[in-house]
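next comes the sequence, and after it the predicted model I'd like to discuss.
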Amino acid sequence: MILAGMAYGIRKWRMFRIALSALGCAAMLTYLGIPESPRWLFTRGRFQEAQDVLMSIANGNKKRVTEFTIRDHLNNMDKVDGRTATTTKKEHFIDLFRYPRIIFMTLGLVITFSTIAVTYMTTTLIAGPKSGDLFIGFAISGLVELPGDLIGAAIMTKLGRKRTVICALMLSGLVCLPHFFFTMPSFLMASSVFMSKACVGAAFAIAVVHVAELYPTSLRTRATSLMFFMISVFGMITPYIIQLGETIDGVEFLVLGVTGLTTAIFNMFVLPETSHKEMPESIQNVLDLFTSESKPKETAIQGGHDNLGYDEVYIKRNQHSDADVGQVSEVDSEQRQDGELEECEVNSERGQESEAEEKRGQNNEDKKGEANNEQEENETKF
């Protein structure tokens with residue numbers, strides 16, 4: 001919507017481009033206020049920096065977390081996750097294409113983002129001509145993304161990331177296909193374009209979250225960069241799709257419909273679900289997402305969010321560990337009490353035996369004394 005207003009006010013394309021570049025430079029300043037990922041810092045062995053970031057997150061969320069608690073969790077990460085920051089094998093970009101399941105998963109995501117790029121750019125460029133006014137159509141196509149993103153964010157907490165992306169892509173393709181086979185009024189065609197734009201916008205917002213939850217910390221940035229690179233590559237073919245539609249009436253809707261449905265069907269078989277599951281820390285964790293034995297996240301759904309903060313996850317883990325320690329201490333105390341009782345019984349038995357021996361010794365001494373007295377009496381008689 002802002003771009004539509006800028007384009008309406010700045011008609012010279014060079015000045016318009018300079019204005020867009022100025023906005024991009026201003027956006028770069030936000031980098032100064034974004035902290036580094038605590039997970040990435042931990043995998044690099046930078047524990048103090050990870051602790052500082054977690055403390056700032058906890059303070060920002062108004063959570064009562066002490067430095068001792070966070071330090072304790074970071075020191076025990078190797079026990080919790082079964083690995084250490086210093087001994088963990090570092091994954092490389094080539095690992096995205098080393099395992100068959102990850103290859104198909106990456107391929108599915110590449111196709112997903114390529115389809116999103118083609119559908120998004122095509123619907124954006126044809127929104128103006130199909131709606132009657134270039135600027136109004138472009139503004140409306142941007143406006144419909146807002147409800148699409150909000151609805152997608154609400155649905156993905158219930159259905160999960162995978163199902164929501166598939167449903168959004170399917171719906172985006174289904175609303176486009178009829179315009180290739182049937183001639184429809186212009187307002188109905190424009191409505192289909194806007195609905196397809198809203199669905200693909202929601203699919204993009206959820207797919208970005210899905211990518212971040214599918215790849216381990218060491219590969220997450222590279223995988224995300226690959227997806228955005230594919231968006232740029234396939235976005236370049238959008239003008240040719242529109243030009244093809246000028247040659248064959250409605251063929252651009254056929255392209256959008258077929259690609260949306262094909263991508264959705266393909267993703268049914270190659271993408272795992274990540275909702276309510278631990279974020280992967282290694283390639284093996286990614287492979288575990290495909291199995292039914294994958295463990296759920298140690299988090300709770302609160303206030304419509306299915307993920308707790310990074311520090312809260314560690315706190316919850318620490319609570320579990322404290323409970324385990326408490327159970328162990330109770331067992332140890334019971335064992336010590338049983339041992340003390342056994343020692344008391346043994347001591348009492350030993351005391352009774354010693355008393356019996358003393359009595360026997362006294363009896364023997366008495367008998368010896370009587371025998372000596374008798375002997376002395378006999379000697380006196382003789």
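Received, thanks.

and stretch 225-245, average pLDDT?
Stretch 225-245 shows a mean pLDDT of 90 in the predicted model.

buried stuff in it?
In terms of neighbour count (16 or more other CB atoms under 10 Å), stretch 225-245 has its buried residues at 226, 227, 230, 231, 234, 235, 237, 238, 241, 242, 245. C-beta here means a position set from N, CA and C on the backbone, and glycine is covered the same way.

what about the last one, which helix or strand?
Think residue 245. Using DSSP states H and E, residue 245 sits within helix 238-247.

for that helix, packing partners?
Judged by 3 or more CB pairs under 8 Å, 6 or more residues apart in numbering; DSSP states H and E, helix 238-247 is in contact with helix 100-131, helix 251-270.

now what about that helix, what contacts it?
By CB atoms under 8 Å, 6 or more residues apart in numbering, the surrounding residues in contact with helix 238-247 are 117, 118, 121, 122, 125, 126, 251, 252, 253, 255.

strands along this structure, start to end?
Here the chain has no strands by DSSP state E.

and the helices and strands packed on helix 238-247: which comes nearest residue 139?
Among these, the nearest to residue 139 by CB to CB is helix 100-131 (9.0 Å).

just checking, what packs against the closest one?
For helix 100-131, the elements it packs on are helix 134-143, helix 161-174, helix 186-214, helix 217-235, helix 238-247, helix 251-270, helix 283-288, judged by 3+ CB pairs under 8 Å, 6+ apart.

out of those helices, which is the most enclosed?
Highest mean neighbour count among those (mean count of other CB atoms under 10 Å): helix 161-174, with a mean of 23.

now that one: mean pLDDT?
The average pLDDT within helix 161-174 is 93.

any chance you could list what contacts stretch 216-234?
Contact with stretch 216-234 is made by 37, 39-40, 43, 90-91, 93, 95-96, 106, 109-110, 113-114, 116-118, 207-208, 211-212, 214-215, 279-283, 285-286, as judged by CB under 8 Å, 6+ apart.

mark which of these are buried, thanks.
39-40, 43, 91, 95-96, 106, 109-110, 113-114, 116-118, 207, 211-212, 214-215, 279-283, 285-286.

tilt between the helix holding residue 245 and helix 100-131?
Calculated by axes from the mean of the first three to the mean of the last three CA atoms, to 10 degrees, helix 238-247 forms an angle of 50 degrees with helix 100-131.

so helix 238-247 versus helix 251-270, what angle?
Using the same axes, to 10 degrees, helix 238-247 lies at 130 degrees relative to helix 251-270.

from residue 105, how far off is the residue lying closest to residue 255 once chain neighbours are set aside?
Excluding the flanking residues, the one nearest residue 255 by CB to CB, 6 or more residues apart in numbering is residue 241, at 5.5 Å. Look at residue 241 and residue 105: by CB to CB, to the nearest Å, they are 27 Å apart.
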